[in-house]
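Asker: Below are the sequence and a predicted model; questions follow.
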Amino acid sequence: MKIRSRGRAPIWPHLADELRHSVRRGALAEPLTIAGLAAQWKVSARTMWKAVRALAEEGLLICTRGSRIRLARNAGSPPADASEMRFFETLRSRITDGTYVAGQPLPKVDYFKISEHISPNTVAAACARLRNDGLIHKRGKQWIVGNAPSSAFPAAAARRPIVLLLFPFSREWGPFYEEGYVAPFAHAFTTELQHRGIMLTLAYIDKASEAQAADELPILSGFDEIAAYVKSLGDSYLGALFYSGMGIDPSSAACIDRLLTLGKPIIHFDHNDAQGEWAAQFAARGKKALVRCHPDEQAACRLALETLAAAGHTRIGMPWFTSELARWVPQRCDRLKEAARGMTPSPAILDIEQTEPFWQYTRQNFDLNRYAADIAAALTMAIPKTRGGVARHESLGAQLVKHTPSLRRLLIDRQVTALVALNDLMAREFFLWAQYAGIGIPSGFSMIAFDNLSRCRHFPVTTIDFGLARLGYLAAHVLIGDIPVHADKNACIRGQPILVDRGSVAKPGDRAAVRRLLRIS
């Protein structure tokens, strides 16, 4: 492990805290030497000696020059019963996975008494162990998650700590904050840092990607400029977050490789869960300071299909389309099929490409909102205004069905009872289409989607939230360093998908009614 330097303040007090927690947990095994401890914590022998002397004065260690360090007999934590350790591990897990948020109070003792069936003494003992591990601290009568504010970044530091927001091109920083799918991660990540007084600095790897306007704020661009800036920060530099919406180019990989030599962590936000192999190469080279944060696409696809299967659906439709702007589409289709093959019994995934003209968008006019509403508006112009409102609506529904053979084939010819929309924008358009066609959801067919986009939440379509807000929170605390954040052997942190039930999934509906509504007269 490595103790991060905290500005210009001496690091031995922070090192002493780490040692104290290890001693009380019984995590230090004898024999101990200054050289061995210094190598383990990656600090100088002189710094380690100062920390050890501090613990010796507290009676936790016994040390004299020229002899080995020994643990004092009363150094470890008192024995704990099984219920205390189980509750301790439960709380520790909820803190490290973000269930209990840093800076917020733990629930009251009475809550744990009822929910965990334990005594107040067990709660108090487990909280004392968490405090010794630096995971909670006391504020008045409340236990607060995380270190006390003063212990995270000393006020005496010469500069505020700084994190780089690293983008390959200048045009990508806007979507990082504004794109509905990515925004939950971005907002949680930056909010956690800003609440702790950590500055964020934008940096673009490609200096020549776009000329900056004269009135634009100066932004770091080009690796030489970034490297010089980071070097000037010294210990105030905590690390970086790298985001690329279009994949990883060679210049970005080279920049990350060189920044990792500084020994500070770099968060790689792999928003489409598509760069696992690239990140694994860094981990295989021992560069685990690159931490990959990503949604778990496979788990999300499995959750969606299991939700439909639990309601009794065995034939599930999957409409898809081709666009240069939606490279994630084939990946999600493949993972849905893979998830289906791993289920017992395995549902049939019946996919169909939507080749209707209004799906053939280009970079200039790509907008999924056109699917139903725009087509309906165009068709309305062809229906005589002299007809009554009900008749016009029925005519509109019939015309719209004629213009959407892909969905009709899935629901009638292939007899699917549920649709998987590849994202919420597609689900919104399928929902509007069903309304125009007179089909109820879920009475006619069930539907489930992905992303939990804020602009689609008023549509009653069940969706899968990828857990990106919690993932952004955890990514921030990797850089803050105040609570332990678990990563796997490849230095990856996965988002946990969550089912958001809005009532669009039920048992298979009335097939005869759907066939009547979708008949073409």
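Answerer: Arrived safely. Numbering: from 1, shown residues only.
Asker: pLDDT value on Arg414, please?
Answerer: Note for Arg414: predicted pLDDT of 88.
Asker: What does it show for phi and psi?
Answerer: Arg414 adopts backbone torsions of phi -100, psi 0, taken as degrees, to the nearest 10.
Asker: residues contacting it?
Answerer: Counting by Cβ atoms under 8 Å, 6 or more residues apart in numbering, Arg414 touches 315, 317, 350, 352. The C-beta positions use only the backbone N, C-alpha and C, and glycine is treated the same way.
Asker: Please apply the same query to Tyr181.
Answerer: For Tyr181, the contacting residues are 271, 423, 451, 453, 468, by Cβ under 8 Å, 6+ apart.
Asker: Does Ile352 touch Gly317 like I think?
Answerer: Yes. Using Cβ atoms under 8 Å, Ile352 is in contact with Gly317, at 7.1 Å.
Asker: Can you pull the residues that touch both of the two?
Answerer: 410, 414.
Asker: quick one, what contacts Ala427?
Answerer: Neighbouring residues of Ala427 by Cβ under 8 Å, 6+ apart: 421, 447-449, 456, 459, 461, 463.
Asker: mind running it again at 10 Å?
Answerer: 368, 419-421, 441, 447-451, 453, 456, 459, 461-463, 504 (Cβ atoms under 10 Å, 6 or more residues apart in numbering).
Asker: Assign a three-state SS to it, would you?
Answerer: helix (DSSP: H, G, I helix; E, B strand; the rest coil).
Asker: From Ser446, how far out is it?
Answerer: Plainly put, Ala427 is 11 Å away from Ser446 if you go by Cβ to Cβ, to the nearest Å.
Asker: Need the residues touching each of the two.
Answerer: Common contact partners of Ala427 and Ser446 (Cβ under 10 Å, 6+ apart): 419-420, 461-462, 504.
Asker: Need the residues you listed in CSV (columns: neighbour count and distance to Ile493).
Answerer: Listed next are the shared contacts of Ala427 and Ser446 as CSV, based on neighbours: other Cβ atoms under 10 Å; distance: Cβ to Cβ, whole Å:
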residue, neighbour count, distance to Ile493
Leu419, 28, 32
Val420, 29, 26
Val461, 26, 28
Thr462, 23, 26
Ser504, 23, 31
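Asker: Looking at these, which is nearest Ile248?
Answerer: Val420 (28.6 Å; Cβ to Cβ).
Asker: who touches the closest one in this structure?
Answerer: 301, 304-305, 308, 313, 316-320, 332-333, 336, 340, 349, 351, 426-427, 446-450, 464.
Asker: how does it look with 7 Å?
Answerer: 304, 316, 318, 336, 448 (Cβ atoms under 7 Å, 6 or more residues apart in numbering).
Asker: correct me, but the last one touches Leu308?
Answerer: Read it as Ile448. Yes. In this structure, Ile448 is within contact of Leu308 by Cβ atoms under 7 Å, at 6.1 Å.
Asker: rewinding a little: from the contacts of Tyr181, which land in helices?
Answerer: Leu468 (DSSP state H).
Asker: Now do the same for Val230: its pLDDT.
Answerer: Looking at Val230, the pLDDT reads 90.
Asker: quick one: Thr439 and Arg327, what's the gap?
Answerer: Slight slip there: residue 439 is Ile, not Thr. On the measure of Cβ to Cβ, Ile439 and Arg327 end up 31 Å apart.
Asker: Show me which of the two is the more surrounded one.
Answerer: Applying other Cβ atoms under 10 Å to Ile439 and Arg327 shows that Ile439 carries more neighbours, namely 21 against 12.
Asker: from memory the more buried one sits against Arg516, does it?
Answerer: No. Using Cβ under 7 Å, Ile439 is not in contact with Arg516; the gap is 10.1 Å.
Asker: How many residues are close by Cys492?
Answerer: So Cys492, with other Cβ under 10 Å, has 21 neighbours.
Asker: Distance-wise, check Thr122 relative to Lys108.
Answerer: Using Cβ to Cβ, Thr122 is found at 14 Å from Lys108.
Asker: Comparing the two, which residue is more hemmed in?
Answerer: Just comparing Thr122 and Lys108: by other Cβ under 10 Å the higher neighbour count belongs to Thr122, 22 against 12.
Asker: how near is Val461 to Ala304?
Answerer: Applying Cβ to Cβ to Val461 and Ala304 gives a distance of 12 Å.
Asker: Repeat that for Gly197.
Answerer: Applying Cβ to Cβ to Gly197 and Ala304 gives a distance of 40 Å.
Asker: the more surrounded of these two?
Answerer: For Gly197 and Ala304, the more surrounded residue by other Cβ under 10 Å is Ala304, and the numbers stand at 25 against 13.
Asker: element containing that one?
Answerer: Counting by DSSP states H and E, the element that carries Ala304 is helix 297-310.
Asker: what do you get for Met318?
Answerer: strand 315-320.
Asker: Direction included, what does that strand pair against?
Answerer: Here strand 315-320 is paired, per DSSP bridges, with strand 348-353 (parallel), strand 418-420 (parallel).
Asker: Count the neighbours of Asp501 for me.
Answerer: Using other Cβ under 10 Å: Asp501 sits among 10 other residues.
Asker: do Thr355 as well
Answerer: Quick note: Thr355 (other Cβ under 10 Å) scores 11 neighbours.
Asker: Please apply the same query to Lys141.
Answerer: Quick note: Lys141 (other Cβ under 10 Å) scores 7 neighbours.
Asker: just Gly140 next, same as before
Answerer: Neighbours of Gly140 (other Cβ under 10 Å): 7.
Asker: which residues sit in contact with it?
Answerer: Counted by Cβ under 7 Å, 6+ apart, Gly140 has zero contacts.
Asker: How about Ala506, nearest residue that isn't a chain neighbour?
Answerer: Leaving aside its sequence neighbours, Ala506 sits nearest to Pro442 (Cβ to Cβ, 6 or more residues apart in numbering; 3.9 Å).
Asker: should've said Gly467
Answerer: Gly495 (3.8 Å).
Asker: pretty sure that neighbour contacts Phe466?
Answerer: Yes. Counting by Cβ under 7 Å, Phe466 is a contact partner of Gly495 at 5.1 Å.
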